[in-house]
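Chemist: Here's a sequence, model it:
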Amino acid sequence: MDLNVEKRFKCDVCEKCFSQKFLLQRHMRIHTGEKPYPCPVCGKSFSENGALHKHFRIHTGEKPHECNVCGKSFAQLGHLQSHIRMHTGERPFHCDVCGEFFTEKHKLFLHNRTHTGEKPYPCDICGKSFAQNYSLQRHRVIHRDDLVYTCKTCNKEYCRYYSLQAHLRTHRPQKMYDCDVCNKSFNQKSHLHIHMRIHTGEKPYRCEMCTKAFGQNSHLMRHMKTHFKETSVIVNI
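Modeler: Modelled structure (predicted):
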C-alpha cells in the first residue's frame, strides 16, 4: 500500500482529508446524520451498508465467528476478539491516569469519565446526570408510577429493577459445594475450584515479565500493573 497517496478530498466541516471522493462522501454522513441504509425488518437505519449487514444478523441469528477455545459463536468479529481475551487474560487498553487495564476500548472510554467527571446523560425530568446511558435508563424508573417489578417467588414488589435483583438473592439455595480441607462452602463449583488452589498451592497464571505466578487471573492482572508503573517511572526519568 502506498502511504504517500495524495489526499485531495477535504471535508469542509472538520478539514479531514481523503484520497478518494467516495471516502469523503461516506465520512460526511457523520456530520449530516444521513443514514441511507434501513433495515427491512425493524426499520433501523445505518450510515454504512457494512453496519446494516452486521445488524441484520440480529434478525437471522447468524453467528459466523466461532471461538476456537470454547466453541461459542458471535455475530461480529469484534465481539469474538473481546471474548477471546477472557481465555487469554489479555487487557490491552490501559488508563493513563490510574493504570487500570481493560479488555475493550469502549470500557476504557467509559472508565475515563470517572477521572474527568463527565456525565453526558442528563435526566429530562429531574436534571440528574449520569456517565452512562444505562445508568440513566435505570434511574428513570423511579419517576414512573406505573412500573412495578414483582418477585415471582414471594410476590414482593419493587419500583426499581436492581432492588428486585438484590432481593432475589435471598431466595437462592444454600451453598452446596464444601471444601474437604477447611469445610468452607461455596454456591458455585468454579468458586470451590479456585479456592482449592489455596490448599494445593497451584498457581496456573504466570507473569511473562518476572515469572511470578498466581492462583487467580485477576491477581495476575493486578500484579501486571506494577510492571506498567515501573515502566512509566523509567520513561519519565
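Chemist: For this protein, just list every one of the helices.
Modeler: 21-32, 49-60, 77-88, 105-116, 133-140, 161-168, 189-200, 217-236 (DSSP state H).
Chemist: mind giving me JSON lines with the ones you listed and columns for distance to Val41 and mean neighbour count?
Modeler: Placement of C-beta: from N, CA and C, glycine included. As requested, those are arranged in JSON lines below (distance: least, C-beta to C-beta, whole Å; neighbours: other C-beta atoms under 10 Å):
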{"stretch": "helix 21-32", "distance to Val41": "22", "mean neighbour count": "13"}
{"stretch": "helix 49-60", "distance to Val41": "5", "mean neighbour count": "14"}
{"stretch": "helix 77-88", "distance to Val41": "20", "mean neighbour count": "14"}
{"stretch": "helix 105-116", "distance to Val41": "26", "mean neighbour count": "13"}
{"stretch": "helix 133-140", "distance to Val41": "24", "mean neighbour count": "14"}
{"stretch": "helix 161-168", "distance to Val41": "28", "mean neighbour count": "14"}
{"stretch": "helix 189-200", "distance to Val41": "38", "mean neighbour count": "13"}
{"stretch": "helix 217-236", "distance to Val41": "40", "mean neighbour count": "13"}
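Chemist: Of all these, which one is nearest Asn155?
Modeler: helix 161-168 (11.4 Å; C-beta to C-beta).
Chemist: Using PDB, write out every CA atom in the closest one.
Modeler: Taking Å, rounded to 0.1, in the frame of the first residue of the first chain, the C-alpha atoms of helix 161-168 are listed here in PDB:
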ATOM      1  CA  TYR A 161     -35.300  -3.400  38.900                       C
ATOM      2  CA  TYR A 162     -31.900  -3.600  40.700                       C
ATOM      3  CA  SER A 163     -33.800  -3.600  44.100                       C
ATOM      4  CA  LEU A 164     -35.600  -6.700  42.900                       C
ATOM      5  CA  GLN A 165     -32.400  -8.300  41.800                       C
ATOM      6  CA  ALA A 166     -30.900  -7.700  45.300                       C
ATOM      7  CA  HIS A 167     -34.000  -9.200  46.900                       C
ATOM      8  CA  LEU A 168     -33.900 -12.300  44.600                       C
END
